[in-house]
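Colleague: Whatever this is, show me its structure:
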Amino acid sequence: MQEFLVVIHRDFTSEKPVPTAEQMKDAIKPYQDWIAGIAAQDKLVAPPKRWDLDGRVIKHTKMGNHITSGPFGHGKESIGGLFLIRSNDYDEAVKIAEACPIIQYGAIVEVRMSVPVA
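Modeller: Numbers count the residues shown, from 1 in each chain. Okay, the predicted model is just below:
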């Protein structure tokens, strides 16, 4: 089995975030049940964690490293959560990820397969 990173992107910073606070309240129990279902199948490698909204971004420029606060000053996609799952292949990992109940409210879920370091 392979390990896959599941990243949930949400809009936290705009004036009208999507999903809304009310939608997130509605989604929390189904989300917890979804995670519990993944764990019950012994496919949850590392559980979800909550992350702050601030963050730092470091970019190298001609003048040296440029550090900014917040990952998305003008964007609408912040990382709302990330965790590791195990599955046989991308198809199975995507099937697990697409069951995320927050997608119906506008969240974006990304799946990445871990690649062994050479």
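Colleague: What are the buried residues along the lengthiest helix in the chain?
Modeller: When the chain is parsed with DSSP state H, its longest helix is helix 21-40. By 16 or more other CB atoms under 10 Å, the buried positions in helix 21-40 come out as Gln23, Met24, Asp26, Ala27, Tyr31, Trp34, Ile35, Ile38. C-beta coordinates here come from the backbone N, C-alpha and C atoms, glycine included.
Colleague: can you redo the residues you listed as CSV with distance to Ser78 and pLDDT?
Modeller: What follows is the buried residues of helix 21-40, written out as CSV (distance: CB to CB, whole Å; pLDDT from 0 to 100):
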residue, distance to Ser78, pLDDT
Gln23, 16, 86
Met24, 13, 85
Asp26, 20, 90
Ala27, 16, 88
Tyr31, 17, 93
Trp34, 20, 96
Ile35, 20, 96
Ile38, 23, 97
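Colleague: which residues in the chain form helices?
Modeller: 21-40, 90-97.
Colleague: and these as a markdown table, adding distance to Lys62?
Modeller: Formatted as a markdown table, those follow (distance: least, CB to CB, whole Å):
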| stretch | distance to Lys62 |
| --- | --- |
| helix 21-40 | 41 |
| helix 90-97 | 39 |
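Colleague: Select from these the stretch with the lowest mean pLDDT.
Modeller: Mean pLDDT is lowest for helix 21-40 out of the helices of the chain, coming in at a mean of 92.
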